[in-house]
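Mind folding the following:
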Amino acid sequence: MKNYYNIVWWNLENLFDTFDSPHRPEWLQSKLNSELQGWDQQVLEMKLINLASILRKMNSNTGPDIVGVCEVENANVLDQLIQILGFPTNQRNYQLVHHDMNDQRGIDVAFIYDANKFTFENMFSHVVMQRNATRDLLQVNFRTNKGNPMILIGNHWHSRIKEIKS
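Have a look, this model is predicted:
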């Protein structure tokens, strides 16, 4: 029996949903409409199929034990990704821990984990202050099947944005 876990982190590069979210401010919706021209359900599904094909190949074609992701808009698109992964639950029972961040672009962080190997206990978000607040750090506490605690922290730091205006 292996004594390690396969944990990956992936920036999903603007994995937005196809509907106009009521949580998006008008200025963001306008910006996304120009940035994501042609973004529709068919394009989203192709991106999800491509992501799933790579994830299935990881860890000797058994998929990762945990996938941390950033640059995702909401839990809905991640639920679609889990469905497309399509592992039988006796092989992978992927579940989602998602934090709807207070980011002005709608950028979230989440963890997809195999509930056959880990029990989700709780999650916390932490705000790091510099001159302005950063995106939240997402802390997720799991327990392994052997009863050991495991804490993962995920974040997506701002890249080139110096100041975010509302």
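
so T18 makes contact with E45?
No. Between T18 and E45 there is no contact, the gap being 9.3 Å when judged by Cβ atoms under 8 Å. The way it works is simple: take the backbone N, C-alpha and C, and place the C-beta from them, glycine included.

Kindly tell me how buried K146 is, as a neighbour count.
7 (other Cβ atoms under 10 Å).

and what of Y4?
Using other Cβ under 10 Å, Y4 has 6 neighbouring residues.

Same question for the one 10 residues further on.
Other residues within reach of N14, judged by other Cβ under 10 Å, total 16.

Next, the contact list for L78, please.
69, 72, 96, 98, 110, 112 (Cβ atoms under 8 Å, 6 or more residues apart in numbering).

meant to ask about L137
Contacts for L137 (Cβ under 8 Å, 6+ apart) come out as 125-128, 153-155.

swap in T89?
Here T89 is in contact with N116 (Cβ under 8 Å, 6+ apart).

Now do it, the pLDDT please.
According to the prediction, T89 has pLDDT 83.

do S125 as well
85.

Kindly export whatever helix or strand it lives in (C-alpha atoms) in PDB.
Per DSSP states H and E, S125 falls inside strand 118-126. Extracted C-alpha coordinates of strand 118-126, given in PDB (Å, rounded to 0.1, in the frame of the first residue of the first chain):
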ATOM      1  CA  PHE A 118     -10.100  11.800   2.800                       C
ATOM      2  CA  THR A 119     -12.800  13.100   5.100                       C
ATOM      3  CA  PHE A 120     -13.500  16.800   4.800                       C
ATOM      4  CA  GLU A 121     -13.600  18.400   8.300                       C
ATOM      5  CA  ASN A 122     -13.900  22.200   7.800                       C
ATOM      6  CA  MET A 123     -12.600  25.100   5.900                       C
ATOM      7  CA  PHE A 124     -11.600  28.700   6.700                       C
ATOM      8  CA  SER A 125     -10.800  31.700   4.600                       C
ATOM      9  CA  HIS A 126      -8.000  34.100   5.600                       C
END
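
contacting residues around it?
Under the criterion Cβ under 8 Å, 6+ apart, residues 65-66, 95, 97, 99, 101, 113, 136-145, 149-150 lie in contact with strand 118-126.

quick one on the thing from earlier: just the buried ones from the contacts of L137?
Buried members of the contacts of L137, counted by 16 or more other Cβ atoms under 10 Å: 154-155.
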